[in-house]
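A.B. asks: below is the structure, and that's it, no one-letter string:
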Ligand code: SF4
């Protein structure tokens, strides 16, 4: 892995409308978390976000929808957004994150300019029924296989700190490795009081150890990304995630939580002598 840090920004182009019951997700309608909810963000607003992301050094721009999977309406919307962003900010590498998807749907996204697809395994197969009862883990794995079949780059990772055991974490990392992802987003559960899970019990040292473990196990991945929960989990020790093995971060806000301001992250990288990646 190179020293350059890959920056990725995310846009929740549809928010808080999912009928699934994932206990870690404030976008589920079941838990009534206090978040913004809308069916479709206006495309011109998404294009403005893309321009701001690129201006901050982001190379990846992820179009996220909050549903179990893609239907015709979502597919058309994501394709329309992808084309609009590509026309205005062609330097950005477009990523889609729209849940369960068939090879055919993924090929349609590819035609619209999407280069990579993000679908997380979230946790170990054995632990998954504890955090979600409305769909099986295997379906998540199969969508990741479809991404590979469609010839898109696969981005898949998970969440730590939901009550899983260390054996569950290793099981998830082994499953991720078997899918040969290009990038592995590691999220650290950010508790919302509306959700039924207990707050994240991990210490910062344990979380840093998990980044190192992910890098060791999924050694073929181009990027180990620290995504959601970074600010809460690492606090003043943010910079240690790079020594631990991360070479990618999400810049700006997350789907339903605020991130650090972009400038603070850029200054942190400069202070550490790390470059912002200029190409994929
Ligand atoms: S399927 Fe995705 S969007 Fe829906 S509740 Fe689960 S994690 Fe959230």
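C.D. replies: Happy to help now that I have it. Since we're looking at a predicted model, the values are computed, not measured.
A.B. asks: please, which helix or strand holds residue 33?
C.D. replies: Here residue 33, judged by DSSP states H and E, is contained in no helix and no strand.
A.B. asks: give me the number of residues near it?
C.D. replies: 17 (other Cβ atoms under 10 Å). (C-beta placed from N, C-alpha, C; glycine too.)
A.B. asks: surely it touches residue 190?
C.D. replies: No - at 11.3 Å, residue 33 does not count as touching residue 190 under the criterion of Cβ atoms under 8 Å.
A.B. asks: residues in contact with residue 20?
C.D. replies: 28, 68, 132, 134-135 (Cβ atoms under 8 Å, 6 or more residues apart in numbering).
A.B. asks: cool, and residue 280?
C.D. replies: Residue 280 makes contact with 6, 59-60, 93, according to Cβ under 8 Å, 6+ apart.
A.B. asks: please report how far the one residue sitting closest to the centre of the chain lies from residue 267.
C.D. replies: Residue closest to the average C-alpha location in the chain (Cα atoms, centre = their mean): residue 185, at 5.4 Å. Separation of residue 185 from residue 267 (Cβ to Cβ, to the nearest Å): 23 Å.
A.B. asks: and the pLDDT at the closest residue to residue 43 other than its chain neighbours?
C.D. replies: Nearest non-adjacent residue to residue 43, counting by Cβ to Cβ, 6 or more residues apart in numbering: residue 84, 5.0 Å away. Per-residue confidence at residue 84 stands at 98 (pLDDT).
A.B. asks: surely residue 138 and residue 125 touch.
C.D. replies: Yes - counting by Cβ under 8 Å, residue 125 is a contact partner of residue 138 at 7.2 Å.
A.B. asks: neighbour count for those two, which is higher?
C.D. replies: In this view residue 138 and residue 125 are compared by other Cβ under 10 Å, and residue 125 has more residues nearby, 16 against 10.
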